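Student: Below are the sequence and a predicted model for it; my questions follow.
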Amino acid sequence: MLRLITIPISHYCEKARWALERAGLDYREERHVQGVHQLAARRAGGGVTVPVLVTPERVVAESAEILEWVDERLEREQRLFPAEATERHGVQALCRRLDEQLGPCGRRLMYVNMFPERQLMLSFNNQGVPAWEDRAIRWGWPVIKRFAARVLAISPGVEVEDERIVWRELDNVAALLQDGRPYLCGERFGAADLTFAALAASVIVPEDYGTPLPQPQSLPPQIAALVERARAHPAGQFALRVIAEQRRAEHVVTPAPA
């Protein structure tokens, strides 16, 4: 069976989970807390980031590479990436932009806002991790905060620029949809839609997700307001629609014959 090394709440890990589940590929998710995830990723044959997918043939690190690895195992009409080279490069470029801009900025924005909410954050963050990791992150919370701040490049006031970039990327997605197309790259659900919807989860906290996320009614007012604003944005509404329509079990597709 495939093994997927994750941090449960990670939106990059959600990309990989979604792709695997959509493709109907059986896998075992191995969940870890921040910090321990680096050891688990290295032990599995990856680098220091997750997700890491361990397959019988090789280890696939990074969510973008996992998305393409999964896609290669589907029938052509079910694939997320176009066959035509120019179209494929366009989709890959949009996915790369989302990975490099929306992904890290949305993640850091929510970490900064959630750090003061220790108990609430950990109650969702630690779902499905080994018991000793749950105890360790609670006991060593000050150390973990410093570690996360260093890894994520959190500095005083960084959330202001991150929020600006998040809205810029939401505006860019909304602009692509202004011509009435149903999906970011045309008439079919594809890799850019999955990537955007998964990475937007950091600010829209959808109910349909690979692990439960705190909903606005349980969040402090300032964070709830941020989430509601993101959900009300045309791009946020698009992400919620895509998740509602495409993330559920009935949209599992059949892998191509080996």
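Tutor: Perfect, thanks for sending it. Numbers count the residues shown, from 1 in each chain.
Student: can you give me the helices in the stretch 101-250 of the chain?
Tutor: Ranges of helices in the stretch 101-250 of the chain, per DSSP state H, counting those that start in this stretch, are 102-114, 118-125, 131-139, 141-151, 158-177, 191-199, 201-204, 221-232, 234-246.
Student: Quick one: list the elements packing against the longest one.
Tutor: Using 3 or more Cβ pairs under 8 Å, 6 or more residues apart in numbering; DSSP states H and E as the contact definition, the elements that helix 158-177 packs against are helix 102-114, helix 221-232, helix 234-246. No exception for glycine: its C-beta is placed from N, CA and C like everyone else's.
Student: among those helices, which is the most enclosed?
Tutor: Ranked by mean neighbour count, those are led by helix 102-114 with a mean of 22 (mean count of other Cβ atoms under 10 Å).
Student: pLDDT below threshold where in the stretch 51-200 of the chain?
Tutor: Along the stretch 51-200 of the chain, segments meeting pLDDT under 70 are nowhere present.
Student: Between helix 102-114 and the one helix or strand His89 maps to, find me the angle.
Tutor: Assigned by DSSP states H and E, His89 belongs to helix 85-100. Orientation of helix 85-100 against helix 102-114 (axes from the mean of the first three to the mean of the last three Cα atoms, to 10 degrees) gives an angle of 20 degrees.
Student: Quick check: buried residues in helix 85-100?
Tutor: Buried residues in helix 85-100, counted by 16 or more other Cβ atoms under 10 Å: Arg88, Val91, Gln92, Leu94, Cys95, Arg97, Leu98, Asp99.
Student: do stretch 184-201 as well
Tutor: Using 16+ other Cβ under 10 Å as the test for burial, stretch 184-201 gives 184-185, 189-201.
Student: Tell me the one among these nearest to Ala230.
Tutor: Closest approach to Ala230 among those (Cβ to Cβ): Ala200, at 7.4 Å.
Student: pretty sure that closest one contacts Arg241?
Tutor: No. In this structure, Ala200 is not within contact of Arg241 by Cβ atoms under 8 Å, at 11.5 Å.
Student: Stretch 21-41: how far from the chain's middle?
Tutor: 13 Å (Cα atoms, centre = their mean, to the nearest Å).
Student: That one: end-to-end distance?
Tutor: Counting by Cα to Cα, to the nearest Å, you get 21 Å between the two ends of stretch 21-41.
Student: per-residue confidence averaged over it?
Tutor: In this model, stretch 21-41 has an average pLDDT of 96.
Student: try stretch 216-233
Tutor: Rounded mean pLDDT across stretch 216-233 is 97.
Student: Just the residues contacting stretch 150-162, thanks.
Tutor: Under the criterion Cβ atoms under 8 Å, 6 or more residues apart in numbering, residues Gln34, Pro104, Cys105, Gly106, Arg107, Arg108, Leu109, Tyr111, Val112, Asn113, Ala148, Ala149 lie in contact with stretch 150-162.
Student: May I have the residues that are in contact with the last one?
Tutor: Applying Cβ under 8 Å, 6+ apart, we find Ala149 in contact with Ser155.
Student: Please renumber the chain so that the first residue is 49 from this point on.
Tutor: Understood, numbering begins at 49; the last thing we discussed is Ala197.
Student: I'd like the helices and strands packed on helix 206-225 as CSV, with distance to Ile185 appended.
Tutor: Below are those laid out as CSV (distance: least, Cβ to Cβ, whole Å):
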stretch, distance to Ile185
helix 150-162, 14
helix 269-280, 20
helix 282-294, 28
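Student: For the residue nearest to Thr103 when sequence neighbours are not counted, give the beta-bridge partners.
Tutor: Nearest residue to Thr103, sequence neighbours excluded (Cβ to Cβ, 6 or more residues apart in numbering): Leu50, at 5.7 Å. Beta bridges link Leu50 to Tyr75, judged by DSSP bridges.
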